[in-house]
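>>> Curious how this folds, go ahead:
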Amino acid sequence: MDARLTTEQRELREAAARLADELGPGSVHDLDDTDRVERLEKAVAATGWRTLRSDGASGVEVAIVAEEFGRGLVDVPLVGPVLADALRDAVDGAAGSPAGAPATRTIAVEVPGGGTEAFDARGMEHALSLSGDRILAGRVGDTVPGADLTRRSAAVTGPLEPAGELAAGLADRWRALALVATCADLLGAARGAHTLAVEYAKVREQYGRTIGSYQAVAHMLAEGLALIEGSVSVLRHAAWAVDELEPGEAVRAARIAKIYCARAARTICETAVQVHGGIGNTWECLAHVHLKRVLTSTELFPVALEEIDLGLS
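Presented below is the predicted three-dimensional model:
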């Protein structure tokens, strides 16, 4: 495995980062700016990144875009449509498929307590779900309340209907890709929260000195950076494994990455809240938006420690 990004992959990262920085929310109040969201939606639709997988992109390239969108708290659909797009060939090849046009598809996920919801559902009309090797489809209904302020979930109306089928190996590769995409979002949101905390620590003064100059704060931020670097390594391997290893090994690598990235991201986001002090517990501070996005991505395709054969401390 060569962990270095190619020239094209670096350019993809720069383009995704630039879009997230220019049109992503810069404050909590920006989340309610409908004009900004409309411009963001048009820009994302124009990139074609929602069809990355069917356009031949690797797992690494999907992860690159998902990570930058997580960092910038991009609040229009990406991960849901990308994963639905990865099922396109099987769905479109099924006779009488009810799954609708590719541009309007997202994914349906199980929710605690039973049932399913459409994830990343803003503007989506149909939701796809993978059960075993079978692809199921349903229509997206009304928006439902959720903790994540950047990605909407919606009810799935009526029962899910068969829409296609994947070979066993392809089904496992899709599951590995789904885990990798959520890991990338976790890493991105954590990076954004860490940057937020570092920038605050540079300007907030206490007792005549910036708080970042105190070891208690500096050590927490340094630990966060170490967790980010560890997440980058484990995610990069899992993203590479999606296409390069056997399906079972790819799923195993993705499960390990999910556990590590979820734990690391939560720690980093909680540290960001703590570094901000009292203001970190207010609605106006973006730190809680990062944390809520991390908690949501953790529960997408959740992985328990018992599912892997390596102990993680």
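>>> show me where the stretch 51-200 of the chain has strands.
105-110, 116-119, 126-131, 134-144, 153-165 (DSSP state E, counting those that start in this stretch).
>>> Dihedrals phi and psi, Leu245?
phi -110, psi 170 (degrees, to the nearest 10).
>>> close enough to count as contact, it and Ala239?
No - taking contacts as C-beta atoms under 8 Å, Leu245 lies outside contact range of Ala239: 11.2 Å. Yep, even glycine has a C-beta here, placed from its N, CA and C like the rest.
>>> Per-residue confidence at Ser313, what does it come out as?
With respect to pLDDT, Ser313 scores 48.
>>> Could you point out which of the strands of the stretch 51-200 of the chain sits nearest Glu306?
Counting by C-beta to C-beta, Glu306 lies closest to strand 105-110 out of the strands of the stretch 51-200 of the chain; the figure is 18.1 Å.
>>> Which residues belonging to that closest one are considered buried?
Applying a neighbour-count criterion of 16 or more other C-beta atoms under 10 Å, one finds 105-109 buried in strand 105-110.
>>> who are the neighbours in contact with Ser129?
By C-beta atoms under 8 Å, 6 or more residues apart in numbering, the contact list for Ser129 reads 107-109, 116, 135-138, 160.
>>> Can you add distance to Ala193 and give these back as CSV?
Formatted as CSV, those follow (distance: C-beta to C-beta, whole Å):
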residue, distance to Ala193
Ile107, 25
Ala108, 28
Val109, 23
Thr116, 29
Ile135, 35
Leu136, 35
Ala137, 35
Gly138, 34
Leu160, 35
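>>> Pick out whichever of the residues you listed sits closest to His219.
Nearest to His219 among the contacts of Ser129, with distances taken as C-beta to C-beta, is Val109, at 37.1 Å.
>>> residues contacting the closest one?
Contacts of Val109 by C-beta under 8 Å, 6+ apart are 116-117, 119, 129, 300-301.
>>> make it 6 Å
Residues in contact with Val109 (C-beta atoms under 6 Å, 6 or more residues apart in numbering) are Phe119.
>>> That one pairs with what?
Beta-bridge partners of Val109, counted by DSSP bridges, are Glu117.
>>> quick one: which of Leu245 and Ala239 has more around it?
It is Ala239, of Leu245 and Ala239, that has more neighbours when counted by other C-beta atoms under 10 Å, with 30 against 18.
>>> Neighbours of Leu83, how many?
By other C-beta under 10 Å, the residues close to Leu83 number 28.
>>> Distance-wise, check it relative to Ala127.
11 Å (C-beta to C-beta, to the nearest Å).
>>> for the longest helix seen in the chain, packing partners?
Secondary structure assigned by DSSP state H gives helix 168-203 as the longest helix of the chain. Packing partners of helix 168-203 (3 or more C-beta pairs under 6 Å, 6 or more residues apart in numbering; DSSP states H and E): helix 59-71, helix 215-244, helix 247-275, helix 287-299.
>>> Centre-most residue in the protein?
Centroid check for the chain by C-alpha atoms, centre = their mean gives Asp185 as the closest residue, at 2.8 Å.
>>> How much space separates the residue nearest to Ile256 when sequence neighbours are not counted from Ala254?
Spatial nearest neighbour of Ile256, excluding adjacent residues (C-beta to C-beta, 6 or more residues apart in numbering): Ile308 at 5.5 Å. Applying C-beta to C-beta, the value for Ile308 to Ala254 is 10 Å.
>>> Between the two, point out the one with more neighbours.
Looking at Ile308 and Ala254 with other C-beta under 10 Å, you find the greater number of neighbours at Ala254, namely 31 against 16.
>>> got a list of what the residue nearest to the centre of the chain touches?
Residues near Asp185 by C-beta under 6 Å, 6+ apart: 66, 70, 297.
>>> Adding distance to Ala197 and neighbour count, write those residues out as JSON lines.
Shown next, in JSON lines, are those (distance: C-beta to C-beta, whole Å; neighbours: other C-beta atoms under 10 Å):
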{"residue": "Ala66", "distance to Ala197": "22", "neighbour count": "29"}
{"residue": "Gly70", "distance to Ala197": "16", "neighbour count": "30"}
{"residue": "Ser297", "distance to Ala197": "19", "neighbour count": "29"}
